[in-house]
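1. Fold the following and give me the result.
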Amino acid sequence: MVDSIAINFEGVYDKVYNPDLDFEKWYVRYDDYGNPGCLMGHKQYFWWKKLDSRCVVGNLYTEPIAIEENCSCTDEDYECDPDFTLDATSK
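-> Take a look at the predicted model:
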């Protein structure tokens, strides 16, 4: 037998969220310096509710949608590409 419980948190916070103040970009990949990482010419991010935001999103919540920003490729981007072969004469 499986029980399920539904909890309504709507009365906990009275502030309705403000997308400009309560959400931030959360990048999928970061480099060793904490900067958004580029992979295969793209930086991918989601809009994420800030941890310190005290607000209710309510029924406006939807599944996160990945958004991409273009960035410059480097030689490392091609190493994991399907059918990549290293040219022995390349520097």
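
2. which residues in this structure form helices?
-> 19-22, 75-78 (DSSP state H).

3. And those, which one averages the lowest pLDDT?
-> Of all the helices of the chain, mean pLDDT reaches its minimum on helix 75-78 (a mean of 71).

4. Would you mark the buried spots in that helix?
-> residue 77 (16 or more other Cβ atoms under 10 Å). C-beta: built from backbone N, CA, C; applies to glycine.

5. How far off centre is it?
-> 22 Å (Cα atoms, centre = their mean, to the nearest Å).

6. Show me what it is packed up against.
-> Applying 3 or more Cβ pairs under 8 Å, 6 or more residues apart in numbering; DSSP states H and E, one finds that helix 75-78 contacts no other helix or strand.

7. what's around residue 37, how many residues?
-> Number of residues near residue 37 (other Cβ atoms under 10 Å) recorded here: 16.

8. now it: how far from residue 57?
-> If you measure residue 37 against residue 57 using Cβ to Cβ, to the nearest Å, the figure is 28 Å.

9. for this protein, which spans come out with low pLDDT?
-> Residues of the chain that meet the criterion pLDDT under 70 lie in 58-61, 78-81, 84, 86, 90-91.

10. can you pull out the strands in it?
-> 23-27, 42-49, 67-70 (DSSP state E).

11. Go through those and name the closest to residue 15.
-> The closest of those to residue 15 is strand 42-49. By Cβ to Cβ, the value is 12.4 Å.
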